[in-house]
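>>> All I have is the shape, not the residue letters:
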């Protein structure tokens, strides 16, 4: 028996080496180990299943299993067990034993990510069985046949042999059982398996048996150089760890495009642009693909193009009520109508008997400064002339009129008018616009009385006037807005100012 078992070991080792060498490209599994048979527990599995005294044990390398995965949780296998076996139930000793066949196994945890080390399964199979039962005959008529049992078999179990048995050497066996793989590493582990073997061409169970085995197991065939769990033959990037959804290739920038297909693997970008971010050449925040002017910055509202300013007045066409005619920002890009600057500041008020301007007068001076900045007055110099009414002495009126003219000059300088363009003059009451004989007499071109009272007459005489040093007065004439086509421009204070009662008598 020992010599035979040594021969079994040598043959199994050679066969296992051949399998390793020839199938490294497939999903194979191989197990090599020892097995034991138990014929005595057939009718009382839970009474004698763990009674190892009744086992017939064959040394290591007496069982070989080769399996291949065929799908999720399923595999097919070939098992072969040999040795010299005792059937203690029928007093058969050291007879040649062979069990070989195909099976199917189901492993419910083979796809588990959390229990990769534990791999239980159930198995069913069909086998050829060789064992020498020649000369053993039981007719089934003589009742109990204890003489058929081995000496150490427990006869108090009182099993009835009963059925007829005629010894055969070649048998067909169906088997089924359970097993567990314990994976110590990814490709190496231990297996324990137990199966019941039913001899189908015998009417009695005398030749049925349990087979138990323990094996060392190996998985191989999934060449995986980058260790990403994807076999090289299925891996587009076999040298770089990757993801299953990208066929084993990485997606470094996380844009959903695997690196081999990504023109910019380190920068996320859309698939439409081959994985590269859309450029923004002019840096205006509008991507070139959406930018009608990709090299010139412009707002998104204008498709990335700058807003035009057709008339060059500094007011963009989108905000310009007169986009083809230059005009100031204050008038929505439209030109002012004819403006007499002298009228803009004629109602400037001062505190009583003083050259200090009232708060109400400052906006009118600001308007006058805005007009004097017009390109039409560029480089020109102006007189700022102060006048008083008829009341008071000549000396007093000359003095206060000059001071008031200077106060206006100072305020215009604050508004940005160059000081060397302005000259303050005081005329006192020497140039009255309204005299006593004009009251209730003088009329405008429409026949309206200009000076209905002495108070109105005196007010008109109290004035500060800006004059071009080369002309009689400061007048700027430009095109008038066509109000039927454009929104009306804001009215200048030159047209909206109303006469105010003076805050002084001078």
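Thanks, I have the structure now. Worth saying up front: this structure is predicted, and the values here are computed from it rather than measured. Numbering: from 1, shown residues only.

>>> what stretches of the chain score poorly on pLDDT?
1-26, 43-48, 111-114, 139-163, 221-225, 336-347, 352, 470-506 (pLDDT under 70).

>>> Point me to the residue sitting farthest from the middle of it.
What lies farthest from the middle of the chain is residue 437; by CA atoms, centre = their mean that is 88.1 Å.

>>> That one and residue 457, how far apart?
The gap separating residue 437 from residue 457 is 10 Å, by CB to CB, to the nearest Å. Heads up, the C-betas are built off the backbone N, CA and C, glycines and all.

>>> got it, and residue 317?
On the measure of CB to CB, residue 317 and residue 457 end up 50 Å apart.

>>> out of the two, which sits in the more crowded spot?
It is residue 457, of residue 317 and residue 457, that has more neighbours when counted by other CB atoms under 10 Å, with 22 against 14.

>>> Now do the helices in the stretch 351-500 of the chain.
All helices of the stretch 351-500 of the chain, identified by DSSP state H, counting those that start in this stretch, fall at 362-372, 394-414, 454-461, 493-496.

>>> how about the first one: buried residues?
Residues of helix 362-372 classed as buried under the neighbour-count rule (16 or more other CB atoms under 10 Å) are 364-365, 367-372.

>>> which strands and helices sit next to it?
helix 341-344, helix 394-414, helix 493-496 (3 or more CB pairs under 8 Å, 6 or more residues apart in numbering; DSSP states H and E).

>>> so is the residue nearest the centre of the chain in a helix, a strand, or just coil?
Central residue of the chain (CA atoms, centre = their mean): residue 255, 7.8 Å from the mean position. Three-state assignment for residue 255 (DSSP: H, G, I helix; E, B strand; the rest coil): coil.

>>> And for residue 226?
coil.

>>> pretty sure it contacts residue 243?
No. With contacts counted by CB atoms under 8 Å, residue 226 stays clear of residue 243, the gap being 11.5 Å.

>>> And stretch 49-62, how far out from the chain middle?
61 Å (CA atoms, centre = their mean, to the nearest Å).

>>> Start and end of that stretch, how far apart?
Taking CA to CA, to the nearest Å, stretch 49-62 runs 21 Å from one end to the other.

>>> Residue numbering should commence at 590 henceforth.
Got it, first residue is 590 now, which makes that one stretch 638-651.

>>> If we go by neighbour counts, what in it is buried?
643-645, 647, 649-651.

>>> May I ask which two of these are separated the most?
Taking every pair in these and measuring CB to CB, the maximum separation is 23.3 Å, between 643 and 650.

>>> circling back to that earlier point, just the helices and strands packed on helix 951-961: most buried one?
Comparing these by mean neighbour count (mean count of other CB atoms under 10 Å), helix 930-933 ranks first with a mean of 21.

>>> Could you chop this protein up by domain?
Using automatic domain parsing, the domain parsing of the chain gives 591-809, 819-864, 927-1085.

>>> Now distance to residue 894 too, for those, in JSON lines please.
Output for the domains of the chain, formatted as JSON lines (distance: least, CB to CB, whole Å):
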{"stretch": "domain 591-809", "distance to residue 894": "54"}
{"stretch": "domain 819-864", "distance to residue 894": "22"}
{"stretch": "domain 927-1085", "distance to residue 894": "24"}
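
>>> Indicate which one of these is closest to residue 900.
domain 927-1085 (11.8 Å).

>>> tell me how far that closest one is from the chain's mean position?
Here domain 927-1085 is found 67 Å from its chain centre; the criterion is CA atoms, centre = their mean.

>>> Quick one: the strands in the stretch 890-1039 of the chain, in order.
Taking DSSP state E, counting those that start in this stretch, the strands of the stretch 890-1039 of the chain run over residues 928-929, 971-976, 1011-1015.

>>> can you tell which of the ones you listed is closest to residue 1022?
Of all these, strand 971-976 comes closest under CB to CB, at 7.9 Å.

>>> Give me the sheet partners of the closest one and which way each runs.
strand 1011-1015 (parallel), strand 1052-1057 (antiparallel) (DSSP bridges).

>>> List the buried residues of the longest one.
I take that to be strand 1052-1057. For strand 1052-1057, using 16+ other CB under 10 Å, the buried residues are 1052-1056.

>>> could those be laid out in a markdown table, adding distance to residue 770?
Formatted as a markdown table, these follow (distance: CB to CB, whole Å):
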| residue | distance to residue 770 |
| --- | --- |
| 1052 | 112 |
| 1053 | 108 |
| 1054 | 111 |
| 1055 | 106 |
| 1056 | 111 |
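
>>> farthest-separated two in these?
1052 and 1056 (11.9 Å).

>>> List the residues that contact the spatially closest residue to residue 892 that is not a sequence neighbour.
Spatial nearest neighbour of residue 892, chain neighbours left out: residue 881 (4.0 Å); criterion: CB to CB, 6 or more residues apart in numbering. By CB atoms under 8 Å, 6 or more residues apart in numbering, the contact list for residue 881 reads 891-894.

>>> re earlier: export the buried residues of helix 951-961 to CSV and tack on distance to residue 683?
Output for these, formatted as CSV (distance: CB to CB, whole Å):
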residue, distance to residue 683
953, 132
954, 131
956, 128
957, 132
958, 128
959, 125
960, 130
961, 131
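
>>> Near residue 808, how many other residues are there?
Residue 808 is flanked by 19 other residues according to other CB under 10 Å.

>>> Just the buried residues of stretch 1016-1027, please?
Neighbour count says stretch 1016-1027 has 1016-1018, 1021-1023, 1027 buried, by 16+ other CB under 10 Å.

>>> again, but for stretch 715-725
Using 16+ other CB under 10 Å as the test for burial, stretch 715-725 gives 716, 718, 720-722, 725.

>>> Among the residues you listed, which one lies nearest to residue 972?
Distances from residue 972 to the buried residues of stretch 715-725, taken by CB to CB, are shortest for residue 716, at 127.9 Å.

>>> Shouldn't the closest one be within a strand?
Yes. Residue 716: assigned to a strand according to three-state DSSP.

>>> Which residues are in contact with it?
Residue 716 makes contact with 668, 688-691, 761-764, 786, according to CB under 8 Å, 6+ apart.

>>> got it, and residue 840?
831-832, 846-848, 851.

>>> ChimeraX command to pick out the buried ones of these?
Listed next is the ChimeraX selection for buried residues among the contacts of residue 840, using 16+ other CB under 10 Å:
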select :831,846,847,848,851
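
>>> hey, where'd the helices end up in the stretch 590-739 of the chain?
591-611, 634-637.

>>> Excluding chain neighbours, what is closest to residue 618?
Residue 618 sits nearest to residue 656 (CB to CB, 6+ apart), 4.1 Å away.

>>> Compute the number of surrounding residues for that neighbour.
Counted by other CB under 10 Å, the residues lying close to residue 656 total 22.

>>> That one: what's it in contact with?
Residues near residue 656 by CB under 8 Å, 6+ apart: 617-620, 664-667, 694.

>>> From those residues, list just the buried residues.
Using 16+ other CB under 10 Å, the buried members of the contacts of residue 656 are 617-620, 664, 666, 694.

>>> what about the closest residue to residue 911 other than its chain neighbours, distance to residue 913?
In this structure, residue 911 finds its nearest non-sequential neighbour in residue 923, 3.9 Å apart by CB to CB, 6+ apart. Relative to residue 913, residue 923 is positioned 10 Å away (CB to CB).

>>> So these two - more neighbours on which side?
Neighbours were counted for residue 923 and for residue 913 using other CB under 10 Å; residue 923 has more, 28 against 9.

>>> got the end-to-end distance for stretch 788-806?
So stretch 788-806: terminal residues 28 Å apart, CA to CA.

>>> Now do the buried residues in that stretch.
Neighbour-count burial for stretch 788-806 [16+ other CB under 10 Å]: 788, 791, 794-802, 804, 806.
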